[in-house]
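Colleague: sequence plus the predicted model coming up.
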Amino acid sequence: MSSPRIAVIGAGPGGLAAARGLQNNGFEVTVFEREASAFARWQGGMLDLHAPTGQEAMRAIGLYEQFRAVARADAQEVRMVNARTAELVNHEQPGDDEYYAPEIDRGQLRELLLNSLKPDTVRWGSPIEGVTAEDGIATVRFTDGTSEQFDLVVGADGAWSRTRPAVSDATPIYTGVALVETYLDDVDNRHPELAALIGPGNLVVGAGSSGMLAAQRNSGGHVRVYAELEDIALDWAGEAGIDMADTEAVRQYLLARFEGWHDSVLNLIRHNDGGFVNRPLYVLPVGHSWDHVPGVTLLGDAAHLLPPHGIGANLALVDGSDLAAAIAAHDNLDEGVRAYESVMLPRAKAAGEADAEIAVLMEDAESHNLNDMRQLFNDRMLNPTK
């Protein structure tokens, strides 16, 4: 019997994990990615892969040792400081043998996954218009007017998935929270005082209903900085008469927003080395699901978009590895996909419910341990019916 024709839409961690798992089990798969190349854009900040979920997914697809060789255990450290005094109020430091949530650059994880695939698995520069399915055959329509048919199309194309409408009419909802992102380069040499404040991992300042500043150390002395704006209009910049390309105007807005905070933490905004990027946060409804459609399924943010609380990449990797394993375990392709969805959808619902609890805890994050929050996520994901 010929191998089924399988397409994955999107070359993010979840889609690439699915492709790797499928190839490990002898299946042919093509990944379609809209970006022109693997290096067309910067891939984002750090990802912390949790021991029972993201790390287990890497084991399942045979890449755990490669992950260990790149990930940074010291970056598990989290420092929380008081916004007005810069006093250290919570300090989580991993032990020498603890490996519960090491950090890895998103770009490094993507490169690791890409290098594990057969040559030419990914078709770069292939944006899609949409997907339709009929009688178990899925048709992918590309923006250049061409189309191809597959026995299975896996939508791993993120929050604004072009695959999702084939199974669901759900669309992302704005949460009322926006992150404004910037960065510091060569922080140890150029900004030693900030390097000392941030430490080797993550810094969280003033988490709560008034907003938050956070800094995340990446590899190579690079630090991503995020200002969280709570209860803010989607077009907050336009309403304030600010052009996001005007770095100084955005800086002054943020400094006014966080007026009264300690100078040392405001220096994260004052001394940034790049411009500011507005990232409004969207979610899909908790418990988002769909009636099974033969020929199409979803994984990762396309299926269950959550706020960036450290679970999305872990969930996507588990989705990808689980989908591949389920397909390999069944003689019938559609039965494998049904088996995957029967596990993935309850797990995603449980993760969404846990995220709602975490959002409440984060209003008083100084009194809570972030690793306890990770454990809450993982417990719910692994035991969704409890």
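Modeller: That came through fine.
Colleague: start to end distance for stretch 29-47?
Modeller: 26 Å (Cα to Cα, to the nearest Å).
Colleague: buried ones in it, by neighbour count?
Modeller: 29-35, 38, 43-47 (16 or more other Cβ atoms under 10 Å). Where C-beta positions appear, they are placed from N, C-alpha and C, glycine not excepted.
Colleague: lowest pLDDT pick from those residues?
Modeller: The member of those with the lowest pLDDT is Q43, at 63.
Colleague: any idea how far A133 lies from T297?
Modeller: Distance of A133 to T297, computed by Cβ to Cβ, to the nearest Å: 10 Å.
Colleague: higher neighbour count, those two?
Modeller: Per other Cβ atoms under 10 Å, whichever of A133 and T297 has more neighbours is T297, with 29 against 18.
Colleague: which of the buried residues of stretch 29-47 fall in strands?
Modeller: Within the buried residues of stretch 29-47, residues falling in strands by DSSP state E are 29-32, 46-47.
Colleague: nearest to G95, of the residues you listed?
Modeller: Set against G95, the nearest of those by Cβ to Cβ is M46 (20.2 Å).
Colleague: tell me which residues in the helix or strand harbouring A138 are buried?
Modeller: A138 is part of strand 137-142, with elements assigned from DSSP states H and E. Within strand 137-142, the residues that count as buried by 16+ other Cβ under 10 Å are 138-140, 142.
Colleague: where do the strands sit along the stretch 51-200 of the chain?
Modeller: Applying DSSP state E, counting those that start in this stretch to the stretch 51-200 of the chain gives strands spanning 78-81, 88-92, 103-105, 122-123, 128-134, 137-142, 147-150, 152-155, 173-184.
Colleague: err, the stretch 251-386 of the chain, not the other one
Modeller: 277-283, 296-298.
Colleague: most neighbours per residue, which of these?
Modeller: A comparison of the strands of the stretch 251-386 of the chain by mean neighbour count, using mean count of other Cβ atoms under 10 Å, puts strand 296-298 on top with a mean of 28.
Colleague: contacting residues around it?
Modeller: Where contact means Cβ atoms under 8 Å, 6 or more residues apart in numbering, the residues beyond strand 296-298 that reach it are 131, 133, 138, 152-156, 161, 163-164, 166-168, 290, 323, 337, 340-341.
Colleague: how about the strands of the stretch 251-386 of the chain, which one is nearest Q93?
Modeller: strand 277-283 (28.9 Å).
Colleague: turn the strands of the stretch 51-200 of the chain into TSV, including mean pLDDT and distance to V277.
Modeller: Shown next, in TSV, are the strands of the stretch 51-200 of the chain (pLDDT from 0 to 100; distance: least, Cβ to Cβ, whole Å):
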stretch	mean pLDDT	distance to V277
strand 78-81	92	23
strand 88-92	89	28
strand 103-105	92	17
strand 122-123	98	26
strand 128-134	98	25
strand 137-142	98	28
strand 147-150	98	34
strand 152-155	98	25
strand 173-184	96	5
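Colleague: highest average neighbour count across the ones you listed?
Modeller: Mean neighbour count (mean count of other Cβ under 10 Å) peaks for strand 152-155 among these, with a mean of 29.
Colleague: so which elements touch it?
Modeller: Applying 3 or more Cβ pairs under 8 Å, 6 or more residues apart in numbering; DSSP states H and E, we find strand 152-155 packed against strand 6-9, strand 128-134, strand 137-142, strand 296-298.
Colleague: which strands border it, and is each parallel or antiparallel?
Modeller: Using DSSP bridges, the strands paired with strand 152-155 are strand 6-9 (parallel), strand 296-298 (parallel).
Colleague: turn the ones you listed into JSON lines, including distance to P172 and mean pLDDT.
Modeller: JSON lines is the format used below for the strands paired with strand 152-155 (distance: least, Cβ to Cβ, whole Å; pLDDT from 0 to 100):
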{"stretch": "strand 6-9", "distance to P172": "17", "mean pLDDT": "98"}
{"stretch": "strand 296-298", "distance to P172": "13", "mean pLDDT": "98"}
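Colleague: that's all I had, so thanks and see you.
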